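**Student:** Here's a sequence, model it:
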Amino acid sequence: MSIPFLSQRGWLRYRSAPRRPGAHDLAIARNFLDPASGPEVRYEALFRYFVDGFLAAATPDFERAQYRGMGSRHGYRVAGVEGFARTAPLFAAWMAGGRGSTIEGLSSGRSADLAQILASGFSAGSDPAHPAYWSEVRDFSQVQVEASDIAIALWISRETIWPMLTARVQSNLLTWLRRAAVTEHPANNWLLFGATAEAVVAALEGRDLRSSANYQRFKQFYLGHGWFSDAEKRRVVDYYNVWGITYQLCFLHLMQPALDPAFIPGVVLQSADLTSHLISPRGVPIMGRSVCYRTAASAPLAVATLLDATPERLGLARHATDCVWRHFITNGALRDGTLTQGYHGDDPRVLDNYSGPGSSHWGLRSVIPALLHPRGSPYWTVPEQTLPVERGDYRLDLPELGWIIEGDHASGDVRVVIPDNAGRQPALKPYTLRHRLMEAYRQQAMRPNNHDAAYGAESYSALDPFPLKR
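**Tutor:** Presented below is the predicted three-dimensional model:
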């Protein structure tokens, strides 16, 4: 039984059967994990894997990518916008790094012109008269989030793509992004999405942005060590600082250097230094929501290289990103040309109801900054630097964050200890038949709420991550 007005959201169009690794998935895993392959070769192979996946999922005009996987509460069409928006910056970074736009000899046998793909997607998606229009950007809508990634992709690729677009398409894009900049946002990291849209509009119009109400409001959430609370009226600390906040702030600075230059660069570098203590070759002590973005755990180190390209910082960023991707690829993070929706593989217990098949591509935020470094540049050639846990034991007391971070050199474990949660270790709630039946009836995501397990435990360990506990 279905509810007609809800079934129009496209729930029945998702392809969410259990996914097992195919030949393409196994091939990229072998290639990426091959110790004989250099870093550029491995990341270019990973890039091509995601190009293949995008082409298989893309709509005819490329404004959406309807990836296979578990649906979200936002509907099928919005899931497609996510698929495009969160993958487009990867394509833009490839081109901006001087690698050209034509990709030949993909595993699928296809070829791709990235410039044409992005130009077509931007044109169709931003046109209110086009059947494939991304939709109006309304207050508190998910499209606000995707507008930020679309803005970043447009800014990164501006030298190639912007001249390709007609005056009408340019006007449509600027109008759409202006709306994203002024709509009402939740009082958390979403404020940076509005600031990003505002910054890109100003950049494309040739204006310097020296102030932003969205940015200034978010800045008030600063706690210390480069990290912020992700809520206005209470302290909420999680990995959004890694894959969301630091990444957005770095691009804000690159787009508009006059916007708070005495604060933003220092915060990005501090966040990178802190984050290096949260990564081990054995994994990441994951906690909080949006676990499916986990391959972006090294994003602060990656973006920091765009501000400070010293050999030490370059070598540490590349090694940290390598450790993250090696760990997750080894444990089944890749399926069907996309990232799985869990910590290792697909896992509905830790997939938030706001996350759909394309959501996981925020996990590409650790690779996008890397590809901005051209072939043969120091990023790819300097010696790797070891992570703190590979050098020795440590304990970071961070009362401003409410965390203690401990690294154990002998085991490779990294732990996040939260003293306020002393004595607590909430169990994960399972994804049951009841959840499946409710989803079938309501035609939308009805997965278990595991907030307590995500935020309420006394400690989180890289060697024993909470999403894997039964």
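
**Student:** alpha carbons only for contacts and neighbour counts from here, please
**Tutor:** OK.

**Student:** ok, Ala203 - contacts?
**Tutor:** Residues near Ala203 by CA atoms under 8 Å, 6 or more residues apart in numbering: Trp155, Met255, Gln256.

**Student:** Most neighbours among those residues, please name it.
**Tutor:** Neighbour counts for the contacts of Ala203 peak at Trp155, which has 25 neighbours (criterion: other CA atoms under 10 Å).

**Student:** Run through the protein and note the low-pLDDT ranges.
**Tutor:** Where the chain drops to pLDDT under 70, the residues are 1-8, 17-18, 470.

**Student:** Tell me which stretches of it form strands.
**Tutor:** According to DSSP state E, the chain carries its strands in the segments 102-103, 112-113, 222-224, 227-228, 334-335, 338-339, 394-398, 403-408, 413-417, 459-461.

**Student:** which residues are in contact with the second one?
**Tutor:** Contact with strand 112-113 is made by Val51, Ser101, Thr102, Ile103, Glu104, as judged by CA under 8 Å, 6+ apart.

**Student:** Give me the distance between the two termini of stretch 249-260.
**Tutor:** The straight-line separation of the ends of stretch 249-260 (CA to CA, to the nearest Å) is 10 Å.

**Student:** So for that stretch, what gets flagged as buried?
**Tutor:** Using 16 or more other CA atoms under 10 Å as the test for burial, stretch 249-260 gives Leu249, Cys250, Phe251, Leu252, His253, Leu254, Met255, Gln256, Pro257, Leu259, Asp260.

**Student:** Closest one of those to Pro467?
**Tutor:** If you rank those by distance to Pro467 using CA to CA, Leu249 comes first, at 28.5 Å.

**Student:** Pretty sure that closest one sits against Pro261.
**Tutor:** No. With contact defined as CA atoms under 8 Å, Leu249 and Pro261 do not form a contacting pair (10.9 Å).

**Student:** Quick one, which of the strands of the chain gets closest to Arg313.
**Tutor:** Ranking the strands of the chain by distance to Arg313, with CA to CA as the measure, places strand 227-228 first at 18.9 Å.

**Student:** Check which helices and strands that closest one sits against.
**Tutor:** The elements that strand 227-228 packs onto, with contact taken as 3 or more CA pairs under 8 Å, 6 or more residues apart in numbering; DSSP states H and E, do not include any helix or strand.

**Student:** Make 11 the first number, not 1, from now on.
**Tutor:** That works, and once the first residue is 11, the last one we named lands at strand 237-238.

**Student:** C-terminal to that strand, what's the next element?
**Tutor:** helix 250 (DSSP states H and E).

**Student:** returning to that earlier point: adding distance to Gly352 and neighbour count, write the contacts of strand 122-123 out as JSON lines.
**Tutor:** Compiled in JSON lines, the contacts of strand 122-123 are given as follows (distance: CA to CA, whole Å; neighbours: other CA atoms under 10 Å):
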{"residue": "Val61", "distance to Gly352": "21", "neighbour count": "25"}
{"residue": "Ser111", "distance to Gly352": "31", "neighbour count": "18"}
{"residue": "Thr112", "distance to Gly352": "32", "neighbour count": "12"}
{"residue": "Ile113", "distance to Gly352": "29", "neighbour count": "14"}
{"residue": "Glu114", "distance to Gly352": "31", "neighbour count": "12"}
